[in-house]
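Novice: structure of the sequence below:
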Amino acid sequence: HIISLDLLGDLQQNKPSTMSQFFISMPAEMMSGKQTVSLPDYARSTVSLDSLEDDCSRSDGGLTSDSWWVIDRDCHPKPTFGATPLLERCMRVYNWHERYAVKVLCGYRLFLKLKKDLKDWNAKIISPSLPVGRVWQQHILDTKNYEKDCLLLCGHMVYSDPDAVLDEAGLARRLETTKHILESQMGKLDKEVWSFGSVKSNGWCGVDFCDVMG
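Specialist: Below you'll find the model as predicted:
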């Protein structure tokens, strides 16, 4: 059985789910064709947000940029790449329950899509929320798969700059840009996934690497 989990649908409505297999789907607002989003002046004037249709043609050993997001926790042997091990790693490392981990993974998929659409390969335009940043960290630490996954999902390596937090003003601008784009597309954001806080008050200047990703 496969259940499609929409970041703005079932998950936010707290509908029960006992399925062990999921598909991490994009919010409908981000799937409705080409859209133009006005960004703050300090970022860039406009960016075209394309649908995922063109992504689905790329494959890596039978894995596509869509099928990468299928979660099957009952699969044996356990997969060593794709969203399933990433989800379970986050659950183990951060002690997240499955439902919350799936919600944040939905946010991570959206974050990677924005990275691709903005061509923000070097962490100069947007930065993730704290929960999404934690998923990103666990993905980056999977050095065997991360580069291949980036090429499959984004067509380019997506770099992080952990020293970028030393420029507090720059980090604040990137966080504000991320929030601006998401709110312009989806309205009110789920704070469980998109908790930004302030640069200093919410862990961005702490010593934990997962809290200080660029």
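
Novice: show me what the mean pLDDT comes to for the longest helix seen in the chain.
Specialist: Identified as the longest helix of the chain according to DSSP state H is helix 98-118. Helix 98-118 shows a mean pLDDT of 95.

Novice: average pLDDT across the following helix or strand past it?
Specialist: Using DSSP states H and E, the helix or strand that follows helix 98-118 towards the C-terminus is helix 130-141. Average pLDDT, helix 130-141: 96.

Novice: what is helix 130-141 packed up against?
Specialist: Judged by 3 or more Cβ pairs under 8 Å, 6 or more residues apart in numbering; DSSP states H and E, the packing partners of helix 130-141 are helix 83-94, helix 98-118, helix 146-154. For the C-beta atoms, the positions are set from N, CA and C on the backbone; glycine is no exception.

Novice: got the angle between that helix and helix 146-154?
Specialist: Computed by axes from the mean of the first three to the mean of the last three Cα atoms, to 10 degrees, the angle separating helix 130-141 from helix 146-154 equals 120 degrees.

Novice: helix 130-141: which residues count as buried?
Specialist: Buried residues in helix 130-141, counted by 16 or more other Cβ atoms under 10 Å: L130, P131, V132, G133, R134, V135, W136, Q137, Q138, H139, I140.

Novice: and what of stretch 109-118?
Specialist: For stretch 109-118, a neighbour-count test (16+ other Cβ under 10 Å) marks R109, L110, F111, L112, K113, L114, K115, K116, D117, L118 as buried.

Novice: hang on, the earlier thing: can I get the helices and strands packed on helix 130-141 in JSON lines with distance to E168?
Specialist: Shown next, in JSON lines, are the helices and strands packed on helix 130-141 (distance: least, Cβ to Cβ, whole Å):
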{"stretch": "helix 83-94", "distance to E168": "25"}
{"stretch": "helix 98-118", "distance to E168": "21"}
{"stretch": "helix 146-154", "distance to E168": "27"}
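
Novice: good, wrapping up.
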